[in-house]
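**Student:** Quick check, what structure comes out for this input:
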Amino acid sequence: MSMSETQTRTDARQLLIDLVDIPSVTREERECAERLAAYFEEHDREVWIDEVGNVRAPDDDGALLTSHIDTVPGDIPVKVEENPDGEEILWGRGSVDAKGPLAAMAVAAVRTGASFVGVVGEEVDSKGGRYLVDDRDSAPDAVINGEPSGWDGITLGYRGLLAGTYVATSESGHSSRPENNAIQDAMDWWEDVVEEFDPDEWVPVFERVTCKPVDIDGGISEDGLSVEATLDVQLRIPPEYTTDEIRERADGMLENGTVHWKDKVEPVMQSPRTAVARAFRAAVRKTGGDPRLLRKTGTSDMNVYAKTWDCPMVTYGPGDSDLDHAPNEHIVLEEYDKSVEVLEDATATLLED
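**Tutor:** Take a look at the predicted model:
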């Protein structure tokens, strides 16, 4: 490796280390956004931080590279150390989800002249991604969304999300009475929903509707006259369905109480034969890998973009997604180096077309 190549790799790694070293829990991304914007300024790129906190560096819209700045909470001391295999490892919250992909996208955007956006709020409500699609006049020609897939992995699909809160109230009474109270109504409704979407064992997780309660509260009201219950739930939805179809079936299970549906994200599944997918398969092979095509059981900002923008897209980025939000989150820096190489090659191909 030449001196210039070594310096280029060192600069790319330093950006990642700097971003991981700056905490950026959702709604507290400003300092990290400023460091990211400074990187583009250092390379003479137009850049600004928009009114919701996104870092915007527009250029060639033949490809838009984008990833999120925010992380979940968690204090993991930031350090670089060698593992037993002699690989350099960067530890820290966000090293995988998603500052590894974010930094790699920024470096590739600078080197190729592609458009770039670092968005906020992905871990909570995709505030930055939603603002971006509303604020732009038109879609880019292609989107490369940044999330960990492994340097040789290319994500084509994500399940959607339907989230809501079940609420019920019943008259208070002695616990010996046979009639359901509000807590039992909540439990009965949820059992019916789970049974409604119970899949055959052979159905892959990506193709299932997964039902998950995330919070529950219930008991006697403050005035002692009623029993109240609330149940927060999430349903993950495969591309076979829309969120409205799943909502209608879940509402059909109601006998008592109501559900206030408060968030919905449509599922997405991209073809492996788009120009973007082909460019990434070729770039992974060129870098010495065997490309893997992935479908993720969660959601990402790619779901938001696909709902509004009619253009080909993939999600890509370094890191082991099993370490997302984990207490031992870390990334292999050699993998990060390879992902930058793949991104640069695939993006350059898209900009040439």
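**Student:** dump the residue contacts of residue 330.
**Tutor:** When contacts are counted by CB atoms under 8 Å, 6 or more residues apart in numbering, residue 330 touches 89, 90, 91, 92, 95, 96, 323. Every C-beta, even on glycine, is put in place using the N, C-alpha and C of the backbone.
**Student:** Give me the three-state assignment for the fifth one.
**Tutor:** Right, the one you point to is residue 95. Following DSSP: H, G, I helix; E, B strand; the rest coil, residue 95 is assigned to coil.
**Student:** May I see the contacts of residue 330 arranged in a markdown table, with neighbour count as well?
**Tutor:** Shown next, in a markdown table, are the contacts of residue 330 (neighbours: other CB atoms under 10 Å):
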| residue | neighbour count |
| --- | --- |
| 89 | 17 |
| 90 | 23 |
| 91 | 16 |
| 92 | 25 |
| 95 | 29 |
| 96 | 27 |
| 323 | 16 |
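**Student:** Which parts of the stretch 251-353 of the chain are helices?
**Tutor:** Along the stretch 251-353 of the chain, counting by DSSP state H, counting those that start in this stretch, helices occupy 275-286, 301-308, 333-352.
**Student:** I'd like to know which of the ones you listed lies nearest to residue 49.
**Tutor:** Across the helices of the stretch 251-353 of the chain, the minimum distance to residue 49, taken as CB to CB, is reached by helix 301-308, at 17.6 Å.
**Student:** And the closest one, what does it pack against?
**Tutor:** helix 127-135, strand 143-146, strand 153-158, strand 268-269, strand 313-316 (3 or more CB pairs under 8 Å, 6 or more residues apart in numbering; DSSP states H and E).
**Student:** mind redoing it with 6 Å?
**Tutor:** Contacts defined by 3 or more CB pairs under 6 Å, 6 or more residues apart in numbering; DSSP states H and E place helix 301-308 against helix 127-135, strand 143-146, strand 268-269.
**Student:** just checking, what packs against the shortest one?
**Tutor:** To tie it back to what came earlier, the one meant is strand 268-269. Where contact means 3+ CB pairs under 6 Å, 6+ apart, strand 268-269 is packed against helix 301-308.
**Student:** do you know which of the helices of the stretch 251-353 of the chain lies nearest residue 126?
**Tutor:** Going by CB to CB, the one of those nearest residue 126 is helix 301-308, 5.0 Å.
**Student:** could I get the helices and strands packed on helix 301-308 as a markdown table with mean neighbour count?
**Tutor:** Formatted as a markdown table, those follow (neighbours: other CB under 10 Å):
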| stretch | mean neighbour count |
| --- | --- |
| helix 127-135 | 19 |
| strand 143-146 | 29 |
| strand 268-269 | 18 |
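**Student:** want to throw those into a markdown table with distance to residue 75 and mean pLDDT?
**Tutor:** Listed next are the helices and strands packed on helix 301-308 as a markdown table, based on distance: least, CB to CB, whole Å; pLDDT from 0 to 100:
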| stretch | distance to residue 75 | mean pLDDT |
| --- | --- | --- |
| helix 127-135 | 24 | 97 |
| strand 143-146 | 23 | 98 |
| strand 268-269 | 33 | 97 |
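**Student:** Mind pulling up the pLDDT for residue 85?
**Tutor:** Predicted confidence (pLDDT) for residue 85: 88.
**Student:** Distance of it relative to residue 28?
**Tutor:** 35 Å (CB to CB, to the nearest Å).
**Student:** Neighbour count for those two, which is higher?
**Tutor:** Shown here are residue 85 and residue 28; by other CB atoms under 10 Å, residue 28 has more neighbours (15 against 8).
**Student:** got a list of contacts for stretch 317-329?
**Tutor:** If you take CB atoms under 6 Å, 6 or more residues apart in numbering as the criterion, stretch 317-329 is touched by 72, 76, 93, 95-97, 100-101, 146-149, 151, 331, 335-336, 339.
**Student:** Nearest to residue 312 among the helices and strands packed on helix 301-308 would be which one?
**Tutor:** That would be, of those and by CB to CB, strand 143-146, which comes in at 7.6 Å.
**Student:** what pairs with residue 56 across the strands?
**Tutor:** Residue 56 has the following beta-bridge partners by DSSP bridges: residue 48, residue 117.
**Student:** Looks like it contacts residue 50 (just checking).
**Tutor:** Yes. At 5.5 Å, residue 56 counts as touching residue 50 under the criterion of CB atoms under 6 Å.
**Student:** The two: which is more packed in?
**Tutor:** Per other CB under 10 Å, whichever of residue 56 and residue 50 has more neighbours is residue 56, with 20 against 16.
**Student:** Now for the more buried one: which residues touch it?
**Tutor:** Contacts of residue 56 (CB under 6 Å, 6+ apart): 48, 50, 117.
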